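J.: Provided below for reference: sequence and predicted model.
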Amino acid sequence: MPRIHCAEPLASGQSLALPAGAARHVQVLRLQPGDALTLFDGRGGEYAATVQRMGRSDVHVQIGAHDPVEREAAVAVHLAIGMPANERMDWLVEKAVEMGVASIQPLVTAHGVLRLAGERAQKKQAHWQAVAVAACEQCGRNRVPELHPVQPLAGWLESLGAEAASQRLLLAFAPDAQGLAQRRQGAAFTVLGGPEGGLNAQEEAAARARGFVPVTLGPRVLRAETAQLVALASLTLA
């Protein structure tokens, strides 16, 4: 059965004209009046629904029963990512959402090829948020992780408070780096990793000053996007 995210709050018994994005999705699927679908609004759970009317540009549905099912990871993992180049960031967002990431913070770093600011950064953020929505529709999640606005690494680190709501982990090849397995205890983690080429020495020092503990994923050199997903899987599936 098709699963579609609706940006407006849903309620059982409601007759609703779907927002433009959800309506286009229904039209692309060529659903017809009487066809069943599942809707979720990101506030938890999902709703049974039935197509009532298909217009040229509008779709009306009848909202049925609410199922409070949750499919979130038991551990909240927030990824702070020195953005990889080209379509790799899209792929990373998609797979991280499927694997249960709590939120994603895209970062501009010294070695990063992808350098975004202003309107271009806003458009990329909206694009990645749409990728996250599509991944939730596919994988069954009913809560959409937030894609935060793009920030320079230095500014993001400065915005972090001294008191950490989650364990702060830095993916790094450092002599004092611990194995990730040694840091798995906890209910929430923020994992910081660099782009291709990693973070430079100054960036790593700034992260350590904000309480990030260097961890290693083993002896092999992983691509930037692979390392983030390995860390996410290790923490959520442990």
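T.: Nice, thanks for sending it over.
J.: Show the residue spans covered by the helices in this protein.
T.: Taking DSSP state H as the test, the helices found in the chain are 20-28, 88-98, 118-139, 153-159, 201-209, 224-236.
J.: Next, the buried residues of the fifth one.
T.: With burial defined by 16 or more other C-beta atoms under 10 Å, the residues of helix 201-209 counted as buried are 203-204, 206-208. The C-beta positions use only the backbone N, C-alpha and C, and glycine is treated the same way.
J.: Partner strands of the helix or strand of the chain with the lowest mean pLDDT, with direction?
T.: Across the helices and strands of the chain, the lowest-confidence element by mean pLDDT, DSSP states H and E is strand 178-179, at a mean of 87. In the sheet containing strand 178-179, the strands it pairs with under DSSP bridges are strand 213-216 (parallel).
J.: coming back round to it: tell me the one of the buried residues of helix 201-209 nearest A48?
T.: When the buried residues of helix 201-209 are ranked by distance to A48 (C-beta to C-beta), A207 comes first, at 45.8 Å.
J.: Tell me how many other residues surround N142.
T.: The local packing of N142 (other C-beta atoms under 10 Å) involves 23 other residues.
J.: swap that for A22, please
T.: 23.
J.: doesn't R3 make contact with it?
T.: No - using C-beta atoms under 8 Å, A22 and R3 do not qualify as a contacting pair, with a distance of 10.9 Å.
J.: list the residues that contact both of these two?
T.: Common contacts of A22 and R3, defined by C-beta atoms under 8 Å, 6 or more residues apart in numbering, comprise L39.
J.: Please parse the chain into its domains.
T.: What the record gives for the chain is the domain set 3-67, 76-236, from automatic domain parsing.
J.: Out of these, indicate the one that is most buried.
T.: Comparing the domains of the chain by mean neighbour count (mean count of other C-beta atoms under 10 Å), domain 76-236 comes out on top with a mean of 17.
J.: Report the separation between the two terminal residues of that domain.
T.: Domain 76-236 has an end-to-end distance of 8 Å (C-alpha to C-alpha, to the nearest Å).
J.: just stretch 90-105 next, same as before
T.: Where stretch 90-105 begins and where it ends lie 13 Å apart, using C-alpha to C-alpha.
J.: Tell me the spacing between L114 and L229.
T.: When C-beta to C-beta, to the nearest Å is the yardstick, L114 and L229 sit 18 Å from each other.
J.: From M89, how far off is D41?
T.: If you measure D41 against M89 using C-beta to C-beta, the figure is 26 Å.
J.: now do Q27
T.: 29 Å.
J.: Could you point out which residue ranges in this protein have low pLDDT?
T.: Regions of the chain meeting the criterion pLDDT under 70 cover residues 238.
J.: Now for M99: which residues touch it?
T.: Applying C-beta under 8 Å, 6+ apart to M99 gives the contacts 73, 229, 232-233, 236.
J.: farthest pair in those?
T.: The most widely separated members of the contacts of M99, counting by C-beta to C-beta, are A73 and L229 (13.3 Å).
J.: E98: what's its closest spatial neighbour, skipping adjacent residues?
T.: Spatial nearest neighbour of E98, excluding adjacent residues (C-beta to C-beta, 6 or more residues apart in numbering): C139 at 4.5 Å.
J.: Cool, thanks, signing off.
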